[in-house]
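# Okay, predicted coordinates and the sequence, questions at the end:
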Amino acid sequence: MPIVNIASHLKQMAQQRPDQIAVRFPASRDANGETQYTSYTYQQLDQKSDDLAMGLERIGIGRGVKAALMVPPSLEFFTLTFALFKAGAVPVLIDPGIGIKNLGKCLAEAEPEAFIGVTKAHLARLLFGWAKRSIKHLVTVGRRLAWAGRTWQEVAAEGRTRRSSEQNGTIDWHPAATEAEETAAILFTSGSTGVPKGAVYSHGNFAAQVAALKAALQIEPGEVDLCTFPLFALFAPALGMTAVVPRMDFTKPARVNPAEIVGPIQRFQINNLFGSPALLNRVGRDWRPAVQGHTPSNAQTTDVIEKWPSLRRVLSAGAPVSPMILERFSKYLLPQSQIFTPYGATESLPVAVIGSHEILGETQKLTAQGAGTCVGKPAPSIHVEIIRITDEPIPVWSDELRVRPGEIGEIVVHGPMVTQEYYNRPDLTALAKIRDPESGRMRHRMGDVGYFDAQGRLWFCGRKSHRVVTPARTYFTEPVEGIFNQHPAVFRTALVGVRKQGTVEPILCIERYPRFQSRDDQKRTNTQLLSELRDLGANFELTTPIRTMLFHPHFPVDIRHNSKIFREKLALWAATAVR
């Protein structure tokens, strides 16, 4: 088997660009309120993670050892993650926003032998008894506490001692010689589309992701990346970029202060920005540039649009990005720059990529006619199939599973970036994976439905579990919502199914824009809007039967990106409302 360790990218960058900043992190504010950053160069990050990796090995956190890592975004988080990769250990990464109960379940499933966390995480571990039967090693990021094991500084010091004691300080230490199929990490999904589950990543999966992202997006070493999603920030060093982490609450991207995004873009000449649709919406809608010393109180009071010329590309993922958000944010970009919307999931990323030029110039018109959301052509080295829809397991792949060209079916992917299983969840693995008899590898069922158009582009039509099956037809969320979302007074809609008198009825939930509308849109009453939406729906055979519509003040959304709509919760609310 080939030797692959995702941390080798960091060592290569330390050799090629030792003085380039690897990561900047906000530390404090000066007397003028300006954010002050701490940083590591590639040489520093490589050296510090080397020391830490040697220390981790020395205390028993080495190759194959699963280590729960509960450290918020910080220089310590970057150092620890790469140290674990270098040691061949397996970091277990769980989004703390999933809640205490789910955190406990995830840790029980993962069975980590080590627990590395801040003081608060260690307190929760003791209080709730997290993985107490499996944990043998403790490391804390914070001050030394008897019940929290060694500090990470002490572990790093042991690594430096080990180096100086071997070969008089000239030890040529290398990352663990892990194989491509060897487990590199366990990344838990957010649970926004089901129960949280641990996707098992191999070093080969990570390497394939890095190669695919670099090829699809033409990322070059030396670029500067603004990372608003901590896990994605780990790709920056592997791609040769400088990672700048903004000051924000990463669990609430929809509430980010736009100045904390625009400030770093201008200050560090950011080339690449990753942000959820909610974050792009917030910044594009609420950013107020100062005009001659005056900050306008409303977007409509000024026609001044400042450009961010350094920004070559913007990436947005986590949920479909509406053309309205793309159009609004694109005003700040130069004509040649684009917003890319990579399609994928924790289990496989990227699957397909499309840019805002194509969306705004062509596909948004089809979306408004019920075609769904175009996510572009498949990314390099991944193979995408559309199969007939079923909620049952499919043990073995067969070409007979494919649907006719242009027909909506479940999206299935196959390639080197596709994870092969969920950790300790054979039941969920059986539902999500299909064994390919030729390669011996697993194909992944995305749980999404879609189709290919005549140009070979993939169209996303929603989650399989969100389809609304009525006696007359099956409705898919994206095609229906795309028609109604074009109304200027509508922020977003969500199609749900409610059982009434033994029959499922499709119901449209509507969230209006709270502000920043034209005066006509603000004056429009709910009754007027309902009438206009029904007239709009009557123009299409797909949406003519949808007559029941309900206004909801604010849709429930996922904790990771604030963008995926919790349609299951909306369906329960709608069932109560229609009674």
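Good, I have the coordinates. Residues are numbered from 1 along each chain as shown.
# And the helices in the stretch 51-200 of the chain?
For the stretch 51-200 of the chain, the helices identified by DSSP state H, counting those that start in this stretch occupy 75-87, 100-110, 119-128, 152-165, in order along the chain.
# Can I get the ones you listed in a markdown table including distance to V256 and mean neighbour count?
C-beta here means a position set from N, CA and C on the backbone, and glycine is covered the same way. A markdown table is the format used below for these (distance: least, Cβ to Cβ, whole Å; neighbours: other Cβ atoms under 10 Å):
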| stretch | distance to V256 | mean neighbour count |
| --- | --- | --- |
| helix 75-87 | 19 | 26 |
| helix 100-110 | 24 | 19 |
| helix 119-128 | 23 | 16 |
| helix 152-165 | 29 | 18 |
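# Can you check which of the ones you listed gets nearest to G370?
Taking Cβ to Cβ, helix 100-110 is the member of the helices of the stretch 51-200 of the chain nearest to G370, at 36.0 Å.
# tell me which strands and helices the closest one is in contact with?
For helix 100-110, the helices and strands in contact under the criterion 3 or more Cβ pairs under 8 Å, 6 or more residues apart in numbering; DSSP states H and E are strand 66-70, helix 119-128, strand 183-188, strand 198-202.
# ok, and what's touching that helix?
By Cβ atoms under 8 Å, 6 or more residues apart in numbering, the list of residues contacting helix 100-110 from outside reads 66, 68, 92, 94, 96, 98, 124, 128-131, 186, 188, 191, 196, 198, 423-425.
# mind checking the SS state of G263?
When the structure is split into helix, strand and coil by DSSP: H, G, I helix; E, B strand; the rest coil, G263 lands in helix.
# so who does it touch?
Neighbours of G263 in contact, by Cβ under 8 Å, 6+ apart: T35.
# Tell me the confidence at it?
pLDDT recorded at G263 is 96.
# Next: S518.
Turning to S518, the model gives it a pLDDT of 51.
# And F128, by the same measure?
Here, the pLDDT recorded for F128 equals 95.
# Can we start the residue count at 827 from this point?
Fine by me, first position is 827 from now on; the one you just mentioned is F954.
# what sits against it?
Taking Cβ under 8 Å, 6+ apart, one finds I926, L929, G930 in contact with F954.
# Below-threshold pLDDT in this structure: ranges please.
Scanning the chain with the threshold set as pLDDT under 70 gives 827, 991-998, 1018-1019, 1116-1130, 1341-1349.
# ok, now with 50
1117-1129, 1342 (pLDDT under 50).
# And it, what are its domain boundaries?
As recorded under automatic domain parsing, the domains making up the chain are 851-1029, 1196-1288, 1293-1404.
# Which one of the ones you listed lies nearest to L1060?
Using Cβ to Cβ and comparing these, the one that lies nearest L1060 is domain 851-1029, at 6.0 Å.
# Any idea how far that closest one is from the middle of the chain?
A distance of 20 Å separates the centroid of the chain from that of domain 851-1029, by Cα atoms, centre = their mean, to the nearest Å.
# What is the end-to-end distance of it?
Taking Cα to Cα, to the nearest Å as the measure, domain 851-1029 stretches 26 Å from start to finish.
# got the phi/psi numbers for T1068?
Backbone torsions of T1068, given as degrees, to the nearest 10, read phi -90, psi 120.
# Pretty sure it sits against D1051.
Yes: using Cβ atoms under 8 Å, T1068 and D1051 qualify as a contacting pair, with a distance of 6.6 Å.
# Need the overlap of contacts for the two.
Residues touching both T1068 and D1051 (Cβ under 8 Å, 6+ apart) are A1062.
# Need the helices and strands packed on helix 926-936 in JSON lines (columns: distance to R1139).
Formatted as JSON lines, the entries for these read as follows, by distance: least, Cβ to Cβ, whole Å:
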{"stretch": "strand 892-896", "distance to R1139": "29"}
{"stretch": "helix 945-954", "distance to R1139": "35"}
{"stretch": "strand 1009-1014", "distance to R1139": "24"}
{"stretch": "strand 1024-1028", "distance to R1139": "25"}
